[in-house]
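Engineer: using only what follows, build the 3D model:
(chains A and B)
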Amino acid sequence: MSCTVAGLALLCAALLGVEAVPQLVFAALLALFVGYFLRHLTFAMCAARYAPEDLAAQPGDPGAELPSVTVLVPCHNEELVVGSLAGALRGLDYPDDRLEFVLVDDGSVDSTGTMLDFFADHDCRVRVLHRSAGAGGGKSAALNEALAIAGGDIVVVFDADHRPRPDCLRRLVRHFADPEVAAAQGRCVIHNGSDSVVSRVVAIDYLGGYLVNEYGRQAAFELPAYGGANCAVRRSVLEEVGGWNAASVTEDTDLTLRLVLLGHKVRYDITAVDQEEAVTTVRRYWRQRYRWARGHQQTWRDFRGAVWRSPHLSLGQKVETTMFLFGFHLPAFALFSLALSLAMLVQGQSMPVAPVAGVALWTLLFCGPLVETGVGMAIGRVPRRMVWDLLLFLPFYVLAMAVCTKALVDGLWGSSYSWVKTPRRAGAPAPGGAA
Amino acid sequence: MTAAGRAALTRAVGLVLGIVVLFSLIQEPFRLLEARLLGAILRVLPRTGEVVVVGPSVVVFPEGEVYIRAVLLPSCSSLAPVLAMAVLWPLAPRGQRLRRGVRAVGLAAVVIAVGNLLRLLLSLLAGRWFGVGALVAFHDSVGAAFSYVYVVVGLLVGLRTLLAPSPPDPATSPVPAVAPKLVEVS
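Structural biologist: Purely as a prediction, here's the structure:
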């Protein structure tokens, strides 16, 4: 692709002169950003119109017998949060004879393994897998080992810092009544948004992400993403595709692509809620977002061609999937366009689009991300004063530009990278937490 | 693509095109209006000198000093961000578009229009008291940063209007935890 872009740039330089190249690049960037603006405005409109009704809807009678479920939780040095997790798992409203837990002690060097064993001693639905410290492969490898002993028809994954609401499983599994559905994703909510400025930004970001973006992808394209936690997948399909990809650091996006390319459906349930812990420091935020950016950018390189060759996706779904995969490149392109516009200003060059239309368009693009998150806040019924917290997004977008640009350069350069666990902070354990 | 998605995308494209077309059509009369308003405010202020408005230009003649002529370009006008606030209207809750949606767009537009008038006024006053160089410097640096601020504030005021006072989302209440108990499955 980079060769194609370079070839096009050379062709433009030859035909129109070297001076025209920055203008054309700038126009292409503007078109790209307008495309994303329309995408997000579409999602925001869908969410504003339909999400409040869906949030208020009560789950109907599942009708058929509930499927058997295996809950998988990989845990690597999670002693700070595993007690709260155990308390929440015990509270899940699901028949005992149809529910089992496989908890993976993934090479922990703290007391995580002991705590999980305590949990298993008191509940015969729980099995604990102990992996050695050097087993490697990260979360995907731990999940694949757990999958090998899972007995449920549906496999549900939670991370160790998650606390599913009691009705979460029932709401997720109802989607599997449709035999074409291979995976269902629930909504994640941040429970420690008041811990720090960073966690507050993440909490608001999740409102936009789950109440607008993920909801909009389902409402507009029936293409929600299967996430890394609070997600259910049909075991038979998972085994058919070979489990989770241990070579990917965003195994969730990788699996989403493999499922939809095989013609399976993924569903999103806005009412299947679990709570998770947000990172609380800029350093941890950087590490987490860098992993997401590296993983998503790699998934784009792995699947961009296959998406357009897929017989199972409509043209609209191909465009949407391409834009979804390309999303983590966008902040890097924003940084590039900022640098280019500064260079053009210094050289006294004018903007490529007619000034009148250009002024209105650039203003709209500037408003786009804030509008999407603002709609998420409205649907999430946050107090009105919290709208001013959106101001925090401006410095964090600058950070995102730096993270995504570094990930892009590192990924293209081919520097090695493996799974990096997000460290926990953990407040006071929930009442009733194990050990 | 679903029917809901097609409808939303059509409205989004229509809205963006409408904003761009409307901006192109009315930017000139709107600039004239802004220039007249600016002139009227300057005339009220003491020791500004004689103020003449010619089309989209505001000319200030301080006594015994060199006159200053400021032209209100399309990019200096508040029209683009004012029209951009129209995106808030379709995002209002169902059944409340007329009340909450219009109020959100209106409040955001007023904040932006007033903020822009203030920026232009301060730029001209900087020129009046400290010379044309100060006008340009203020307009391009402090004024540009200020314009960024009032557009964001206007947008947030609009978004705040969309947020209806309501009980908190039950999804954010603490997840009940169950204490250890012996579970055996027959």
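
Engineer: so which residue is dead centre in the chain?
Structural biologist: If you meant another chain, say so; for now it's chain A. The centroid of chain A falls nearest to residue A:227 when counting by CA atoms, centre = their mean (5.3 Å).

Engineer: hmm, no, I was thinking of chain B.
Structural biologist: Geometric middle of chain B (CA atoms, centre = their mean) lands on residue B:112, at 3.3 Å.

Engineer: contacting residues for it?
Structural biologist: The neighbours of residue B:112, taking CB atoms under 8 Å, 6 or more residues apart in numbering or on different chains as the test, are B:78, B:81-82, B:85, B:150-151, B:154. Any C-beta I mention is one placed from the backbone N, CA and C, and that applies to glycine too.

Engineer: again with residue B:164
Structural biologist: Per CB under 8 Å, 6+ apart, neighbours of residue B:164: A:378, A:381, B:93, B:96, B:100.

Engineer: so, in contact with chain A or not, the lowest-mean-pLDDT helix or strand in chain B?
Structural biologist: Lowest by mean pLDDT, DSSP states H and E among the helices and strands of chain B is helix B:132-137, with a mean of 80. No - using CB under 8 Å from any CB of the partner chain, helix B:132-137 stays clear of chain A, coming no nearer than 14.4 Å.

Engineer: CA atoms only: put that helix into CSV for me.
Structural biologist: Provided in CSV are the C-alpha atoms of helix B:132-137 (Å, rounded to 0.1, in the frame of the first residue of the first chain):
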residue,chain,number,x,y,z
VAL,B,132,-1.6,47.6,13.5
GLY,B,133,1.2,45.2,14.4
ALA,B,134,-0.6,44.5,17.7
LEU,B,135,-3.8,43.9,15.9
VAL,B,136,-2.3,41.3,13.7
ALA,B,137,-0.4,39.6,16.5
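
Engineer: just give me how far that helix sits from the chain centre.
Structural biologist: 24 Å (CA atoms, centre = their mean, to the nearest Å).

Engineer: and stretch A:157-166, average pLDDT?
Structural biologist: Mean per-residue pLDDT for stretch A:157-166: 92.

Engineer: got the buried residues for that stretch?
Structural biologist: A:157-165 (16 or more other CB atoms under 10 Å in any protein chain shown).

Engineer: one more: stretch A:233-246?
Structural biologist: Result for stretch A:233-246 [16+ other CB under 10 Å]: buried residues A:233-235, A:237-238, A:241, A:243-246.

Engineer: mind listing which of the buried residues of stretch A:157-166 are in strands?
Structural biologist: A:157, A:163-164 (DSSP state E).

Engineer: closest one of those to chain B?
Structural biologist: In terms of CB to the nearest CB, no member of those lies closer to chain B than residue A:163, at 4.0 Å.

Engineer: hmm, residue A:191 and that closest one touching each other?
Structural biologist: Yes - counting by CB atoms under 8 Å, residue A:163 touches residue A:191, with 6.8 Å between them.

Engineer: what about residue A:133, neighbour count?
Structural biologist: Per other CB atoms under 10 Å in any protein chain shown, the neighbour tally for residue A:133 reads 10.

Engineer: is it fair to say it lies in a helix?
Structural biologist: No - counting by DSSP: H, G, I helix; E, B strand; the rest coil, residue A:133 is not found in a helix; it is coil.

Engineer: for the nearest residue to it once chain neighbours are set aside, give its distance to chain B.
Structural biologist: Nearest residue to residue A:133, sequence neighbours excluded (CB to CB, 6 or more residues apart in numbering or on different chains): residue A:107, at 3.9 Å. According to CB to the nearest CB, to the nearest Å, residue A:107 and chain B sit 25 Å apart.

Engineer: tell me, how many residues neighbour residue A:107?
Structural biologist: Per other CB under 10 Å, the neighbour tally for residue A:107 reads 18.

Engineer: repeat that for the one 4 residues further on.
Structural biologist: As a burial measure, the neighbour count of residue A:111 was computed by other CB under 10 Å and equals 14.

Engineer: returning to that earlier point: name the nearest of the contacts of residue B:112 relative to chain A.
Structural biologist: Using CB to the nearest CB, the contacts of residue B:112 come closest to chain A at residue B:81, 4.9 Å.

Engineer: thinking again about what came up before, identify the residue nearest the residue nearest to the centre of chain B in space, chain neighbours excluded?
Structural biologist: Nearest one to residue B:112, counting by CB to CB, 6+ apart, is residue B:154 at 4.0 Å.

Engineer: chain center to the strand or helix carrying the one you found, what's the gap?
Structural biologist: Per DSSP states H and E, residue B:154 falls inside helix B:143-162. Computed by CA atoms, centre = their mean, the separation of helix B:143-162 from the middle of its chain amounts to 6 Å.

Engineer: which helices and strands does it pack with?
Structural biologist: helix A:355-379, helix B:102-130 (3 or more CB pairs under 8 Å, 6 or more residues apart in numbering or on different chains; DSSP states H and E).

Engineer: next, the angle helix B:102-130 makes with that helix.
Structural biologist: On the basis of axes from the mean of the first three to the mean of the last three CA atoms, to 10 degrees, helix B:143-162 is oriented at 160 degrees to helix B:102-130.

Engineer: average pLDDT across helix B:143-162?
Structural biologist: Per-residue scores along helix B:143-162 average to 86.

Engineer: tell me the buried residues in it?
Structural biologist: Buried-residue list, helix B:143-162, by 16+ other CB under 10 Å: B:143, B:146-147, B:150-162.
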